[in-house]
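K.L.:
Turn this into a model:
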Amino acid sequence: MGQIFESVRIALQSIWSNKLRSFMTVLGNVVAVTSIVTVVTLIQGMNSMVSTAIVSDVGADSFTIQRLPPIRSEDDEERTRNNPFLTLDEAAAIRGYSPRIAAVMAQSQRGATVSYRTNELENVQVQGVTSDFGQFTSFNAERGRLMSPVEVEHSRPVALIGWDVADELFGQTEALDKSISVAGVPFRVVGISEKKGAFFGNSQDAFVVIPLGAYQKLFGARQSLQIVVKPRSPQEIQAAKDDATVALRVTRRLKPGADDNFGMFTSDTFLDLYRQATTGIFAVLVGVVALSLVVGGIVIMNIMLMVVSERTREIGLRKALGARRADIMSQVLTESITLSLFGGIVGLTLGSMAALLISALTPLPARLEPWSVILGLGITAGVGLFFGLYPASRAASLDPIEALRRE
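P.N.:
Residues are numbered from 1 along each chain as shown. Reported below is the predicted structural model:
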């Protein structure tokens with residue numbers, strides 16, 4: 001153990017006394033680790049943000065049925081163009097068909113102008129929902145309350161508003177029980193949703209939720225609905241999807257073998273699409289890292305060969321005094337690994353700083369994962385070990401007499 005510490009000390013002393021040479025030696029490792037830490041930190045932050053946003057919007061324990069599939073090929077575009085609208089009767093058919101289904105909500109949404117006195121917001125997302133909406137986790141009330149099922153069923157002029165709508169329209173004034181105007185029609189605010197934040201610069205809190213009946217009076221009933229279904233337990237989500245598919249096919253009188261004329265998806269559908277997109281980024285990252293590591297490893301090997309040449313007499317003297325082949329190899333390998341790890345630490349620092357800088361200047365979030373730090377340092381240590389084997393073997397095979405004769 002003492003010999004290892006001594007080898008590390010010698011390596012650090014060599015790095016400090018030849019700062020520029022040491023930095024240029026490990027530049028490949030610096031680039032590799034900087035790349036992997038920066039990209040992984042940003043991707044992990046984006047993964048967390050996207051997962052939270054999708055689960056918040058779709059719901060982790062529910063699935064959504066809509067007129068068109070979320071993923072369509074060119075052939076599907078032509079086939080699904082004439083899909084019929086989803087209706088309240090179909091939502092009721094799904095609810096009554098399966099004992100596995102706990103709640104069914106029909107909803108529709110569009111942008112509209114919302115105002116309070118002289119304050120006005122344009123293109124606010126207005127959602128119309130049915131009475132089961134309170135059973136879905138995407139709806140909550142930080143202040144006030146949710147609309148009651150009775151209020152929703154009787155299309156009362158009440159509303160749940162997002163945090164940004166409350167802040168922009170009311171400021172420091174209490175918004176509860178105040179009357180706002182949605183597309184020129186007054187609605188009483190009964191609740192304010194908790195702040196969700198922004199998603200790639202777009203606010204998730206600029207919305208107003210009203211009863212679906214009131215929504216249809218405002219914007220018309222001749223538009224397709226979305227139907228959101230919640231199983232009795234998350235484990236039954238696939239069985240509930242099958243039951244909902246059967247209920248819709250029966251209601252629409254589709255023949256056996258005919259394609260579904262509706263789309264169905266869960267939060268995992270969009271998460272899988274996102275993961276497929278980020279796979280390409282990882283593939284490019286692997287190529288950059290591999291090339292940088294090979295270049296960096298070759299440079300380290302050449303530098304260690306030069307170090308061995310500079311210390312030929314020292315190695316010969318150590319062997320003459322009884323140092324074993326393993327002792328010489330251990331010293332050279334330790335120095336090679338230490339030099340390579342130095343590049344890893346510099347790359348880790350630069351990568352973390354780059355990710356935090358990008359996060360501060362753009363909507364992209366950063367999330368440094370411990371495994372990415374361990375991976376970066378582990379890879380650089382492996383590079384130092386692999387590319388240090390040849391110089392170490394060459395040093396250990398030196399003949400002590402010939403080495404002592406070397407000028």
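
K.L.:
which residues does residue 380 contact?
P.N.:
Each residue near residue 380 by Cβ atoms under 8 Å, 6 or more residues apart in numbering is listed here: 29, 32-33, 293, 340-341, 343-344, 347. The C-beta positions use only the backbone N, C-alpha and C, and glycine is treated the same way.

K.L.:
need the longest strand for the chain.
P.N.:
Ranked by residue count under DSSP state E, the longest strand found in the chain is strand 101-116.

K.L.:
can you give me how far the helix or strand following it is from the chain middle?
P.N.:
Using DSSP states H and E, the helix or strand that follows strand 101-116 in sequence is strand 119-129. In terms of Cα atoms, centre = their mean, to the nearest Å, the centre of strand 119-129 is set 28 Å apart from its chain centre.

K.L.:
Can you point out the buried residues in strand 119-129?
P.N.:
For strand 119-129, burial by neighbour count (16 or more other Cβ atoms under 10 Å) applies to 121, 124-129.

K.L.:
which one among the residues you listed gets closest to residue 367?
P.N.:
Lowest distance from residue 367 to the buried residues of strand 119-129 (Cβ to Cβ) belongs to residue 125, with 27.7 Å.

K.L.:
beta partners for that closest one?
P.N.:
Residue 125 has these beta-bridge partners by DSSP bridges: residue 111, residue 207.

K.L.:
for the one 4 residues further on, same thing?
P.N.:
Here residue 129 sits in beta bridges with residue 107, residue 211, as judged by DSSP bridges.

K.L.:
Just to check, it is in contact with residue 151?
P.N.:
No - taking Cβ atoms under 8 Å as the definition, residue 129 is not a contact partner of residue 151, at 11.1 Å.

K.L.:
what touches both of those two?
P.N.:
Shared contacts of residue 129 and residue 151 (Cβ under 8 Å, 6+ apart): residue 211.

K.L.:
now the strands for the stretch 101-250 of the chain?
P.N.:
Assigned by DSSP state E, counting those that start in this stretch, the stretch 101-250 of the chain shows strands spanning 101-116, 119-129, 143-144, 158-161, 179-182, 185-192, 198-199, 202-203, 207-211, 226-231.

K.L.:
worst average pLDDT in the ones you listed?
P.N.:
Lowest mean pLDDT of the strands of the stretch 101-250 of the chain: strand 198-199, a mean of 67.

K.L.:
Could you check which helix or strand contains residue 378?
P.N.:
Using DSSP H and E, residue 378 maps to helix 370-396.

K.L.:
taking the mean pLDDT, what do you get for that helix?
P.N.:
83.

K.L.:
Then stretch 289-307?
P.N.:
Confidence for stretch 289-307, expressed as mean pLDDT, is 80.
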